[in-house]
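**Q** What follows is a predicted protein model with its sequence.
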Amino acid sequence: MKHYTVSLFGLMTLTGLLMLSACSGKNKLTGKKDMNVIILDRHTESPFNNGRFQGWGTSFCWWANRIGYSDELAEKAAEAFYDADKGLGLNIIRYNIGGGDDPAHHHIKRTDSAVPGYLNRDAETGKLSYDWSADFNQRNVLKASVKACGQDVIVEAFANSPPYFMTYSGCSSGAEDKSKNNLRDDQYGAFADYLSTVIEHYRKDEGITFQSVAPMNEPASNYWGALSEKQEGCHFSQGESQSRMILEMAKSLQSNGLGSVIICGTDETSVDVQSDSFNKLSPEAKAVISRIDTHTYQGIGLKHLHDIAVENKKNLWMSEVDGGDTAGMNAGEMGAALWFAKKIVSDMNGLMPSAWIMWQVIDNHISSEGFNGNKDYGMPDTSRGYWGLAVCNHDTKEIILTKKYYAMAQFSRFIRPGCTLIGSSRNTLAAYDSGKKQVIIVAVNDDSNDDECTFDISQFKKTGSSVSAVRTSGSLAAGENLASQPQIPVVKKTFSAVLLANSITTFVIENVF
C-alpha cells in the first residue's frame with residue numbers, strides 16, 4: 001500500500017460531495033448492461049434536528065489516549081481528521097471520560113485502552129480527590145482537534161465504566177458475572193456527579209463545552225467482565241437500572257448548573273437492542289433524553305428505530321460503528337474502503353440520522369517500544385479487513401492514511417453540517433445543501449465491472465448544467481484517492497455516469513433549487 005502522510009494530503013484540493021452507491025451489473029437474459037436510473041426523492045428528508053445534518057465524527061476512545069503524549073502526533077491527527085481544508089473535516093468528538101481502574105490491576109493488554117480516570121480514592125483513608133492532570137494524552141488531542149475544527153465542533157462526553165471503587169467487582173472492566181450490573185446500587189448518584197464534575201471542569205478550566213453526555217455504553221451487552229484484557233465496561237440492565245442512571249444524570253447536571261447539557265442514550269451495540277432498551281425506559285427517563293444514540297454493529301431494525309425516534313420526538317445519532325470486513329471482488333486494498341462506504345450508505349439511508357460517528361479513526365499502532373508495558377499490533381494487512389482509517393507510526397511520528405480514510409473523505413468533505421439528507425433509490429445516499437444550492441451524491445460500485453447509471457434530479461425546479469465528480473478507486477494501476485473527474489453534462493435534469501469497478505464516486509450538482 002501507499003503511505004500518505006498528512007502533509008501530502010494537505011496539497012490536495014477537493015470540492016463538495018455526498019454519497020450514492022452502485023448500480024447493478026449485466027442483464028442475466030441479454031448479457032448486456034442495463035441502464036439503471038437512480039431517482040433522488042426531494043420529498044423524503046431526514047426529520048431529525050429540523051432536517052439539518054450535524055456532521056461526522058469519531059470516538060476518541062482509545063486512539064487519542066495512545067498518541068496524545070506527542071504534541072507532533074496530536075497536531076498531525078487534528079489536521080488529518082478535523083481540518084476541513086486539509087483533512088476529513090470531521091466535526092464531532094466523542095470524548096471518553098475514563099472510570100479508572102484499580103492501580104493494582106494490570107490486566108488490560110491493549111496499549112491504548114487503559115484510559116485514566118480523574119477521581120482517586122486513598123487506599124488507607126478512603127478519601128476521594130480529583131487529579132486534573134490525569135488523562136493528559138486524550139486531552140491534548142481533544143484541544144488540538146477542537147482548534148482545528150473551529151466553530152462547527154460538537155463535543156460529547158461518554159463513559160464506559162464508573163471508577164472501580166463504585167463497582168461491585170472492584171474492577172472497571174465489568175462485573176464478575178457479565179450479565180449483572182456492576183455499578184453498586186448506592187453509587188448511581190455518585191457516578192452521575194463524577195461525570196458532571198468532569199464536564200463542569202472542562203467548561204470552566206479548559207474552555208471546552210460538552211454539548212451532550214452519554215453515561216452508559218452498550219449497557220445491555222454481556223461483554224463486560226472483570227479483569228478483561230481489552231477495556232473498561234459496565235452492564236446496566238434494561239428498564240429500571242438504565243432509567244435510574246439517566247434520571248440521576250439529569251438530577252446531577254441540574255444541581256451543577258449544567259442543565260443545558262443534552263442527555264442521550266443508550267448507545268446499545270445493536271439497533272434492535274437499542275429499540276428495546278428505549279421502549280423499556282420509564283416515562284420519566286424517556287422525558288429527559290433529548291437524543292437517541294445507537295451503535296449499528298448488529299441488528300436489522302434501522303427503520304424501526306427511526307420510527308421510534310420520530311414518534312417520541314427525539315433526535316437520532318448513529319454514534320459508533322466500524323468493522324474489519326471487506327466488499328468488492330478482487331478489490332485488494334479497496335475492499336475495506338468499499339465495505340466501509342456501503343456501511344455508511346446503509347446506516348444513513350436506514351436511520352436518516354443527524355450525525356454519523358465511527359468508532360476510532362486509528363486502531364493500529366507501530367512502535368518498537370510499545371506503551372504501558374504492552375506491545376502494539378503493528379501495521380495491518382490492508383488487502384484484508386482492518387479497523388480504523390489510519391495507522392500511527394510512533395517511531396517515525398507519521399500518520400499513515402489508508403483507503404478507508406479516503407472512503408470517509410468521499411462523504412465528510414462534501415456532505416457538510418447543515419445539509420439535508422434526502423431519499424434516493426436502492427444503494428444510494430444523497431443530500432441537499434440549501435446554502436450552497438448543491439445536490440451531493442456518493443456512488444459505491446463494489447462490482448468487478450464498470451456500471452453505467454442515470455441520475456434523475458427532476459424533483460428540483462432548477463439545476464445547473466454540469467456535474468463535478470471526485471473518485472477513489474482501486475481498479476486502475478496506481479489507484480485513485482479523491483481524484484477529480486471530467487465534468488458531466490446535465491440534460492433535462494438528468495445525468496449519466498460510468499461508475500468504475502471497485503470505486504466510490506462523489507457527484508456535486510451546482511445551482512440546484
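**A** Good, I have the coordinates.
**Q** hey, let's count contacts and neighbours off CA atoms from now on
**A** Fine.
**Q** Return the set of buried residues in stretch 111-125.
**A** Within stretch 111-125, the residues that qualify as buried by neighbour count (16 or more other Cα atoms under 10 Å) are 111, 112, 113, 114, 115, 116, 117, 118, 119, 120.
**Q** can you tell me which of those are in strands?
**A** Filtering the buried residues of stretch 111-125 for membership in strands, criterion DSSP state E, returns 119, 120.
**Q** Let's have the buried residues of stretch 111-125 in TSV, adding distance to residue 80.
**A** As requested, the buried residues of stretch 111-125 are exported to TSV (distance: Cα to Cα, whole Å):
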residue	distance to residue 80
111	22
112	19
113	22
114	24
115	23
116	25
117	27
118	28
119	32
120	34
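**Q** Mark which of the buried residues of stretch 111-125 are part of helices, please.
**A** Counting by DSSP state H, no part of these is found in helices.
**Q** Serialize the buried residues of stretch 111-125 to TSV and add fields for pLDDT and distance to residue 345.
**A** Supplementary listing: these in TSV, determined by pLDDT from 0 to 100; distance: Cα to Cα, whole Å:
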residue	pLDDT	distance to residue 345
111	97	32
112	97	29
113	97	29
114	96	33
115	97	32
116	97	35
117	98	36
118	98	38
119	98	40
120	97	43
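**Q** and of the buried residues of stretch 111-125, the nearest to residue 406?
**A** Distance ranking of the buried residues of stretch 111-125 against residue 406, using Cα to Cα, places residue 112 first at 24.0 Å.
**Q** who touches the closest one in this structure?
**A** Contact analysis of residue 112 by Cα atoms under 8 Å, 6 or more residues apart in numbering lists 62, 63, 65, 66, 371.
**Q** measure it to residue 320 for me?
**A** Noted for residue 112: a distance of 18 Å to residue 320, by Cα to Cα, to the nearest Å.
**Q** Repeat that for residue 235.
**A** 18 Å.
**Q** With neighbour numbers in mind, choose between these two.
**A** With other Cα atoms under 10 Å as the criterion, residue 235 and residue 320 differ in neighbour count, and residue 235 comes out ahead with 29 against 22.
**Q** wait, residue 329 sits on residue 446?
**A** Yes: contact criterion Cα atoms under 8 Å: residue 329 and residue 446 qualify, at 7.0 Å.
**Q** and for the two, which residues touch both?
**A** Shared contacts of residue 329 and residue 446 (Cα under 8 Å, 6+ apart): residue 502.
**Q** and the two? which has more neighbours close in?
**A** When neighbours are counted by other Cα under 10 Å, residue 329 and residue 446 differ, and residue 446 comes out ahead with 32 against 14.
**Q** Hmm, residue 332 and that one touching each other?
**A** No: the pair residue 446 and residue 332 does not pass the contact test of Cα under 8 Å, sitting 11.6 Å apart.
**Q** ranges for the helices of the stretch 251-400 of the chain?
**A** 271-280, 283-288, 302-311, 334-351 (DSSP state H, counting those that start in this stretch).
**Q** Was I right to think residue 55 contacts residue 354?
**A** Yes: Residue 55 is within contact range of residue 354, at 7.1 Å (criterion: Cα under 8 Å).
**Q** Look at the closest residue to residue 51 other than its chain neighbours and say how many residues are nearby.
**A** In space, not counting the residues next to it along the chain, residue 51 is nearest to residue 420; the distance is 5.6 Å by Cα to Cα, 6 or more residues apart in numbering. Close neighbours of residue 420, defined as other Cα under 10 Å, add up to 28.
**Q** Next one, pLDDT for residue 420 please.
**A** Residue 420 is assigned a predicted lDDT (pLDDT) of 98.
**Q** so residue 293 bridges to which residues?
**A** Under DSSP bridges, the beta-bridge partners of residue 293 are residue 266, residue 317.
**Q** That one and residue 317 touch, don't they?
**A** Yes: at 4.9 Å, residue 293 counts as touching residue 317 under the criterion of Cα under 8 Å.
**Q** what residues are up against the nearest residue to residue 274 once chain neighbours are set aside?
**A** Spatial nearest neighbour of residue 274, chain neighbours left out: residue 268 (5.1 Å); criterion: Cα to Cα, 6+ apart. Residue 268 makes contact with 217, 218, 219, 220, 221, 274, 277, 293, 294, 295 under the criterion Cα under 8 Å, 6+ apart.
**Q** pretty sure the third one is touching residue 241, no?
**A** Spelled out, that is residue 219. No: here residue 219 does not reach residue 241: they are 9.7 Å apart, not a contact under Cα under 8 Å.
**Q** Does residue 88 touch residue 82 like I think?
**A** Yes: contact status for residue 88 versus residue 82: in contact at 6.0 Å, counting by Cα under 8 Å.
**Q** residues near residue 284, how many?
**A** Applying the criterion other Cα under 10 Å, we find 12 residues in the vicinity of residue 284.
**Q** Also the one 10 residues further on?
**A** Counted by other Cα under 10 Å, the residues lying close to residue 294 total 29.
**Q** From residue 171, how far out is it?
**A** With distances taken as Cα to Cα, residue 294 is found 26 Å from residue 171.
**Q** coming back round to it: could you pick out the buried ones from the contacts of residue 112?
**A** Buried members of these, counted by 16+ other Cα under 10 Å: 62, 63, 65, 66.
**Q** contacting residues for the first one?
**A** It stands for residue 62. Applying Cα under 8 Å, 6+ apart as the definition, the contact partners of residue 62 turn out to be 112, 113, 115, 360.
**Q** Need the max-distance pair from those.
**A** Looking at these by Cα to Cα, the two members farthest from one another are 115 and 360, with 14.1 Å of separation.
**Q** How much space separates residue 416 from residue 354?
**A** According to Cα to Cα, residue 416 stands 11 Å off from residue 354.
**Q** Mutual contacts of these two, please.
**A** Common contacts of residue 416 and residue 354, defined by Cα under 8 Å, 6+ apart, comprise 53, 54, 55.
**Q** pLDDT below threshold where in this structure?
**A** Filtered on pLDDT under 70, the chain yields the residue ranges 1-35, 475-478.
**Q** same thing but at 80, please
**A** 1-35, 425-426, 475-478 (pLDDT under 80).
**Q** then stretch 170-177 to PDB, C-alphas only?
**A** Output in PDB follows, covering the C-alpha atoms of stretch 170-177 (Å, rounded to 0.1, in the frame of the first residue of the first chain):
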ATOM      1  CA  GLY A 170     -13.800  -3.500  42.200                       C
ATOM      2  CA  CYS A 171     -12.800  -3.500  38.600                       C
ATOM      3  CA  SER A 172     -13.700  -1.000  35.800                       C
ATOM      4  CA  SER A 173     -13.700  -3.700  33.200                       C
ATOM      5  CA  GLY A 174     -17.000  -5.100  34.400                       C
ATOM      6  CA  ALA A 175     -18.700  -7.500  36.800                       C
ATOM      7  CA  GLU A 176     -17.700 -11.000  37.700                       C
ATOM      8  CA  ASP A 177     -20.900 -12.100  36.100                       C
END
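**Q** give me the number of residues near the spatially closest residue to residue 290 that is not a sequence neighbour?
**A** In space, and not counting its chain neighbours, residue 290 is closest to residue 314: 5.6 Å by Cα to Cα, 6+ apart. For residue 314, the neighbour count with other Cα under 10 Å is 21.
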